[in-house]
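Asker: Structure for this input, please:
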Amino acid sequence: MTTEELLKYHEEICTRAREIMRIKNHDYSGADGKTPFANFEVAEKLSITSTEKGFLVRILDKLMRIITWTNCGELKVNESIEDACVDNINYHILLSAHTKEKYKNEKL
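Answerer: Next up, the predicted model:
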């Protein structure tokens, strides 16, 4: 793969990640669709863990799928490694956006 091919792939995967985030946010962002972090914040509302740690749990879930694939060479669930990577891109963006919003007046 050349650098140009890599950059084109990056653009394509980020476009795909954005579309998946838009679609999934509809299902996970609450009834009014105006709370993009609702499914992460619910863990904190239930006193289970912080919202930030909720993001990390989901990131770790996807990393475990990737680790399983690297160790076993296969996955049983109908989700590709690329799907897991795209989901991880989105979880990192969601965590970054949530942190930016929550701590907007602090330097992190």
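Asker: contact partners of stretch 75-88?
Answerer: 13, 16-17, 20, 58-59, 62-63, 65-66, 68-69 (CB atoms under 8 Å, 6 or more residues apart in numbering). Every residue, glycine included, has its C-beta placed from N, CA and C.
Asker: run the last query once more with 10 Å
Answerer: 13-14, 16-21, 24, 58-66, 68-70 (CB atoms under 10 Å, 6 or more residues apart in numbering).
Asker: What is the end-to-end distance of that stretch?
Answerer: 17 Å (CA to CA, to the nearest Å).
Asker: can you check stretch 41-56 too?
Answerer: First-to-last residue span, stretch 41-56, CA to CA: 12 Å.
Asker: for the helix or strand containing Ile23, packing partners?
Answerer: In this structure, Ile23 sits in helix 3-28 according to DSSP states H and E. Applying 3 or more CB pairs under 10 Å, 6 or more residues apart in numbering; DSSP states H and E, we find helix 3-28 packed against helix 38-45, helix 81-102.
Asker: Make TSV out of those helices and add mean neighbour count.
Answerer: Below are those laid out as TSV (neighbours: other CB atoms under 10 Å):
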stretch	mean neighbour count
helix 38-45	16
helix 81-102	16
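Asker: mind listing what's buried in the helix holding Ile23?
Answerer: Neighbour-count burial for helix 3-28 flags 17, 21, 25, 28 (criterion: 16 or more other CB atoms under 10 Å).
Asker: Would you point out the helix or strand in the protein whose mean pLDDT is lowest?
Answerer: Lowest by mean pLDDT, DSSP states H and E among the helices and strands of the chain is helix 38-45, with a mean of 91.
Asker: Show me what it is in contact with.
Answerer: Helix 38-45 is contacted by residues 24-25, 27-32, 35, 37, 48-55, 57-58, 91, 94-95, 98 when judged by CB under 10 Å, 6+ apart.
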